[in-house]
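Asks: My questions concern the predicted model and sequence given below.
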Amino acid sequence: MKILEIENLSKSYDGKKFALKDCSFSLEAGNICAVVGESGSGKSTLLRLISGLERPNSGFIKIEGKTVSDDNQIIPPQERNTGFVFQDYALFPHLTVEQNIAFGLKNNKKERVRELLELIKMEGYENSYPSQLSGGQEQRVAIARTLALKPNLLLLDEPFSNLDSNLKTELRQEIRQIVKQIGMSMIFITHDLLDAIDISDEIIFLKEGEMLQHSSISEFSNNIQSEEVRNIISDLKSNANRILEMVN
């Protein structure tokens, strides 16, 4: 079953240059997809279009088989059953962890918060404030707050960019475990290919608004469809080799 279907999606902010052009792909339910590209490649635009925070110039988006965006209609973000975790986490600084997670919930707040604190392994932090948390803990609370509303598609904006390398590796695996444990689908954007390789099932490469490749992680290195993607992988290998030479 496809959780997300996108066809010929395009977005221009000035009517001249396309931030995203003729993007088409689908995502299988339960999969994690990484969208990889440099700044200005269209990653954030794609995420905002899926969530409903931006309106496309053309193309359509379906979520769970329901059209949420086409030439005739735009379904608002709150009716798309998606959850968006922003790069800066956007936690309320004056609210505790418990209050942040419960924000937006109408029923069974205590029970739902308890379930989510257990899921993100932060039992005992209910009364802590965001300023008292590490970057990784803030990220987990932001995810828990989004999961509280039970979306079927989770969207993460550069979830690992503000973390040091050791914490980044740990958090990547924690997020994958959480998403897989509850059977959710997820798309996250990153400029770091290692993020994608480490936890995603599928990978999309974007450059200057155009999709270079979409394939499974297990297949992408053996089925490189463009010179640009080949160069990205070549640079990654070169950097890794230089590091190995330095430590040997």
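Replies: Okay, I see it.
Asks: Quick one: neighbours of Ser131, just the number.
Replies: 9 (other C-beta atoms under 10 Å). Bear in mind the C-beta positions are built from the backbone N, C-alpha and C, glycine included.
Asks: Give the closest residue to it in space, chain neighbours not counted.
Replies: In space, and not counting its chain neighbours, Ser131 is closest to Pro93: 6.4 Å by C-beta to C-beta, 6 or more residues apart in numbering.
Asks: Correct me if wrong: the one you found contacts Gln132.
Replies: No. The pair Pro93 and Gln132 fails to qualify as a contact (C-beta atoms under 8 Å) at a distance of 10.5 Å.
Asks: Show me which of those two is the more surrounded one.
Replies: Neighbour comparison, Pro93 and Gln132: the larger count goes to Gln132, with 12 against 8 (by other C-beta under 10 Å).
Asks: Report pLDDT for the more buried one.
Replies: According to the prediction, Gln132 has pLDDT 95.
Asks: So that it lines up with my notes, have the first residue be 569 from now on.
Replies: With the count now opening at 569, the last piece we talked about shows up as Gln700.
Asks: Could I get the contacting residues of the residue nearest to Ser699?
Replies: Shown in contact with Pro661 (C-beta atoms under 8 Å, 6 or more residues apart in numbering): Tyr697, Pro698, Ser699.
Asks: Pop out the phi and psi values for it.
Replies: As for Pro661, its main-chain torsions (degrees, to the nearest 10) stand at phi -70, psi -20.
Asks: Just the pLDDT at it, thanks.
Replies: pLDDT, Pro661: 93.
Asks: now Phe586
Replies: In this model, Phe586 carries a pLDDT of 94.
Asks: Out of the contacts of Pro661, flag the one nearest to Glu606.
Replies: Nearest to Glu606 among the contacts of Pro661 is Pro698, at 29.9 Å by C-beta to C-beta.
Asks: distance of that closest one from Thr714?
Replies: 15 Å (C-beta to C-beta, to the nearest Å).
Asks: between those two, which one's more packed in?
Replies: Shown here are Pro698 and Thr714; by other C-beta under 10 Å, Thr714 has more neighbours (22 against 18).
Asks: Excluding sequence neighbours, find me the nearest residue to the more buried one.
Replies: Nearest residue to Thr714 in three dimensions, chain neighbours excluded: Gly651, at 3.7 Å (C-beta to C-beta, 6+ apart).
Asks: these two touch, right, the one you found and Leu724?
Replies: No. Judged on C-beta under 8 Å, Gly651 makes no contact with Leu724 at a distance of 9.1 Å.
Asks: The two: who's more crowded?
Replies: For Gly651 and Leu724, the more surrounded residue by other C-beta under 10 Å is Leu724, and the numbers stand at 25 against 22.
Asks: For the more buried one, which non-adjacent residue is spatially closest?
Replies: Excluding the flanking residues, the one nearest Leu724 by C-beta to C-beta, 6+ apart is Phe756, at 3.8 Å.
Asks: Please tell me I have it right and that neighbour contacts Val604.
Replies: No. Between Phe756 and Val604 there is no contact, the gap being 9.9 Å when judged by C-beta under 8 Å.
Asks: anything in contact with each of those two?
Replies: Taking C-beta under 8 Å, 6+ apart as the contact rule, Phe756 and Val604 both touch Asp763.
Asks: just to revisit the earlier point, would you double-check that the residue nearest to Leu724 falls in a strand?
Replies: Yes. Per DSSP: H, G, I helix; E, B strand; the rest coil, Phe756 lies within a strand segment.
Asks: and the gap between the residue nearest the centre of the chain and Gly651?
Replies: For the chain, Phe756 is the residue whose C-alpha lies nearest the centre (C-alpha atoms, centre = their mean; 2.0 Å). Look at Phe756 and Gly651: by C-beta to C-beta, they are 12 Å apart.
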